[in-house]
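# task: produce atomic coordinates for the following.
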Amino acid sequence: MDKAYQSAFLLHHRPFRDSSVIAEFFTVEWGRVPAVVKAARGSSTRMRQMAANMQPFQQLQVSLSGKGELKTLISVESEKTFNLQGRNLFAALYLNELTLRLLHRLDPYPDLWLLYRASLQRLSVSPALESVLRVYELGLLQQLGYGFVFDVDASSGESIHADEAYCFEAERGFIKQTGLALYAGQATIAGRDLLSLSQGAKSAAAEWTASELRILKRICRQALAPLLGSKPLKSRELFSGKAS
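Numbers count the residues shown, from 1 in each chain. Alright, predicted model coming up:
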């Protein structure tokens, strides 16, 4: 990995040794990259400037070096800042936590990086965060190989019928409800709602009604649960008002 600059976002950082930190960057070319930021907590003018630039929700230009998985940050410059407040700030923290938890290191996802940037842009100008979150969750699941097919029964391969009821199974898809007992957390979904969601997902604007967004939220949570494991998301606790 050379020292050339590339666009990146800071997902997370934690203290490392006496005055350094380990930062997790989401880069456009290399995906999720951990890097040591030496003397980041130092008092020199250069370190203070680097620390000021190394903030979440800024589009950065970073220069990294190193042959192993853990890189060294050579330089960082701020390119653009996304101003986020209130619940939209919590929503952006949720995007960061999802990205950090689910992406493998040094595995590039350039389309997801663009979607992440677009999501921050939308959160910085609009109070309507639910649509932004659902679009990002769907895009993330798609990139990880768990994308939804809303208009096909995953069991039979037949088209979804508007007048039937379906349940969602993580890592499989939507299956016609035949009277069998549902798993904990499962709920039936009307076929007409799935067909409507399918049309919304195919739209560049991804416009859904409030009711459809509630259905999508439940589905996305079910799909993400086995990927996230038992460790709770701290950003969800912020939404619920709990201490993290």
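# so where's the protein uncertain?
Low-confidence segments of the chain, defined by pLDDT under 70: 1-3, 39-48, 179-186, 202-206, 239-244.
# in it, where's the longest helix?
Ranked by number of residues, the top helix in the chain under DSSP state H is helix 210-228.
# name the helices or strands packed onto that one?
Helices and strands touching helix 210-228, by 3 or more CB pairs under 8 Å, 6 or more residues apart in numbering; DSSP states H and E, are helix 86-102, helix 129-143, strand 165-169, helix 191-202. C-betas here are computed from N, CA, C, even on glycine.
# which parts of it are buried?
212-213, 215-216, 219-220, 222-224 (16 or more other CB atoms under 10 Å).
# just the closest of the residues you listed to Lys234, please.
Leu224 (14.8 Å; CB to CB).
# surely the closest one and Leu141 touch.
Yes - under the criterion of CB atoms under 8 Å, Leu224 makes contact with Leu141 at 7.2 Å.
# the helices and strands packed on helix 210-228 into TSV, with extra columns for distance to Thr72 and mean neighbour count?
Below are the helices and strands packed on helix 210-228 laid out as TSV (distance: least, CB to CB, whole Å; neighbours: other CB atoms under 10 Å):
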stretch	distance to Thr72	mean neighbour count
helix 86-102	20	19
helix 129-143	28	20
strand 165-169	44	19
helix 191-202	41	18
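# looking at the ones you listed, which is nearest to Arg236?
Among the helices and strands packed on helix 210-228, helix 86-102 comes nearest to Arg236, with 6.9 Å by CB to CB.
# measure Ser124 to Ser235 for me?
In this structure, Ser124 and Ser235 are 17 Å apart, going by CB to CB, to the nearest Å.
# no wait, Ala4
Ala4 is 32 Å from Ser235, where distance means CB to CB.
# okay, those two: which has more neighbours?
Taking neighbours as other CB atoms under 10 Å, Ala4 and Ser235 compare with Ser235 leading, 18 against 11.
# before we move on, what SS does that one have?
With DSSP: H, G, I helix; E, B strand; the rest coil as the basis, Ser235 sits in helix.
# wait, it sits on Phe90?
Yes - contact between Ser235 and Phe90 holds when scored by CB under 8 Å: they sit 6.2 Å apart.
# closest one to Gln58 among the helices and strands packed on helix 210-228?
Short answer: helix 86-102, nearest of the helices and strands packed on helix 210-228 by CB to CB, at 11.4 Å.
# in terms of secondary structure, what does the helix or strand just after the closest one contact?
Using DSSP states H and E, the helix or strand that follows helix 86-102 towards the C-terminus is helix 110-125. Counting contacts by 3+ CB pairs under 8 Å, 6+ apart, helix 110-125 packs against strand 5-16, strand 20-27, helix 86-102, helix 129-143.
# of all the buried residues of helix 210-228, which comes closest to Gly86?
For the buried residues of helix 210-228, the nearest to Gly86 is Leu213 (18.8 Å; CB to CB).
# so who does Leu144 touch?
By CB atoms under 8 Å, 6 or more residues apart in numbering, the contact set of Leu144 is 102, 227.
# 10 Å instead?
By CB atoms under 10 Å, 6 or more residues apart in numbering, the residues touching Leu144 are 102-104, 109, 112, 223-224, 227.
# dump the residues you listed into TSV; add distance to Ser20 as well.
Shown next, in TSV, are the contacts of Leu144 (distance: CB to CB, whole Å):
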residue	distance to Ser20
Leu102	26
Leu103	23
His104	24
Tyr109	27
Leu112	28
Ala223	37
Leu224	32
Leu227	31
